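> I would like to see how this sequence folds:
(4 chains)
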2 protein chains.
Amino acid sequence: MQLSPEYKERLDHALERSGQRSTKQREHVFSVILEKRDHPTADEVYARAKSSMPTISLATVYNCLETLSESGLIRQVNFEREPTRYCPNLTQHAHFYCKESGEIVDIELPDSVIDHLKAALPDGYTVQHIEIAYDGKCGDCHD
Amino acid sequence: MQLSPEYKERLDHALERSGQRSTKQREHVFSVILEKRDHPTADEVYARAKSSMPTISLATVYNCLETLSESGLIRQVNFEREPTRYCPNLTQHAHFYCKESGEIVDIELPDSVIDHLKAALPDGYTVQHIEIAYDGKCGDCHD
DNA sequence: ATTTATTTTTGGAATTATTCTAATTATTTC
DNA sequence: GAAATAATTAGAATAATTCCAAAAATAAAT
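Residues are numbered from 1 along each chain as shown, chains lettered A, B, ... in the order given. Okay, here's the model as predicted:
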């Protein structure tokens, strides 16, 4: 429930870099996301955050998630029309959504795959981000 | 504005296969999507559909897009939290979203790329679909 | 062919995730 | 510590989509 010194420092630096203040709420939301390394929705983050900071509001959770994303400390993950989820894993990875269990699993991707994907683009295109989402059935959901 | 015989047949077969009826509205929505091969939202489809079928309702457009998707005649495309778009290109392809022009471009992907992506999955996982969305700047938007 | 049963369409209301607003509170700067 | 700036809050507003119940269309059964 407490942000480790190195993450606290990372947070402060990232916020400073983008000209924003370090606040109790931002720190708390960040710690909530780091604590259980899954892919919670804003509502879930709100529920978890409230348990040790009962006065925090949903609007603030949305605000914090937004600033954390902008500062590059977390990532947003979207599946179809479902509510946006938030992810503290900053490495280059894709997401696998298991239609059976609802589980979302990070899939680490070798650079070579990304290179191949970039090579598929027409000349003159510059890429900022590639979002890759699998769906299917995860290992636990097989017989 | 008129569905060609081969597409009419394809529509009827696909609907029959999934136990649904062929209706004027479904046919019309399908033709609207095929006519201009871009990536319209439901609202845009509604606007285009109304011009030659003024009585069609937005709810029906949503219904038709849903049944066409379920029958495998069109695909849904999602970018972040933006409204769902619909795409008549059924080949294996990704989408490039140009942040400058808003343009969405189909990117054809060689099988090898898909194979590499599948290979990145842990053992025991089965994939149903892989959604790949690039964003960045397209060729037209460079100096 | 009519009747009966099943699907679709329709317009509007309801839902849901998210954003906006204006007032209050906290943080930084002078 | 006072003034300026930024962040938080609660609740209202928004926007895409879905739900609903009645009317219309299509198919099946007599």
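
> Quick one: the helices in chain A, in order.
A:5-17, A:24-35, A:42-52, A:58-70, A:111-119 (DSSP state H).

> just those helices: most buried one?
helix A:24-35 (a mean of 20; mean count of other CB atoms under 10 Å in any protein chain shown). For the C-beta atoms, the positions are set from N, CA and C on the backbone; glycine is no exception.

> elements contacting that helix?
helix A:5-17, helix A:42-52, helix A:58-70 (3 or more CB pairs under 8 Å, 6 or more residues apart in numbering or on different chains; DSSP states H and E).

> who does the spatially most central residue of chain A bridge with?
What sits nearest the mean C-alpha location of chain A, by CA atoms, centre = their mean, is A:Cys87, with 2.0 Å. As for beta bridges, A:Cys87 partners with A:Arg75 under DSSP bridges.

> ok, it - contacts?
A:Cys87 is in contact with A:His39, A:Ile74, A:Arg75, A:Gln76, A:Val77, A:His95, A:Asp106, counting by CB atoms under 8 Å, 6 or more residues apart in numbering or on different chains.

> Report the separation between it and B:Ile33.
33 Å (CB to CB, to the nearest Å).

> One more: A:Ile56?
For A:Ile56 relative to B:Ile33 (CB to CB), the value is 45 Å.

> Run a quick neighbour tally on the nearest residue to A:Glu16 once chain neighbours are set aside.
Leaving aside its chain neighbours, A:Glu16 sits nearest to A:Ser22 (7.7 Å; criterion: CB to CB, 6 or more residues apart in numbering or on different chains). A:Ser22 has 14 neighbours, counted by other CB atoms under 10 Å in any protein chain shown.

> Contact partners for A:Ser22?
For A:Ser22, counting by CB under 8 Å, 6+ apart, the contacting residues are A:Leu11, A:Asp12, A:Leu15, A:Glu16.

> In chain A, what residue comes closest to DNA strand C?
A:Thr84 (3.2 Å; CB to the nearest atom of the strand).

> And for that residue, the neighbour number?
16.

> Distance check, it against A:His39.
Taking CB to CB, one finds A:Thr84 at 10 Å from A:His39.

> Quick check: neighbours shared by those two?
A:Val77.

> Show me which residues of chain A sit near chain B.
A:76, A:78, A:80-81, A:84, A:94, A:96, A:99, A:105, A:107-110, A:112-113, A:116-117, A:120-139, A:142 (CB under 8 Å from any CB of the partner chain).

> Brilliant, that's me finished.
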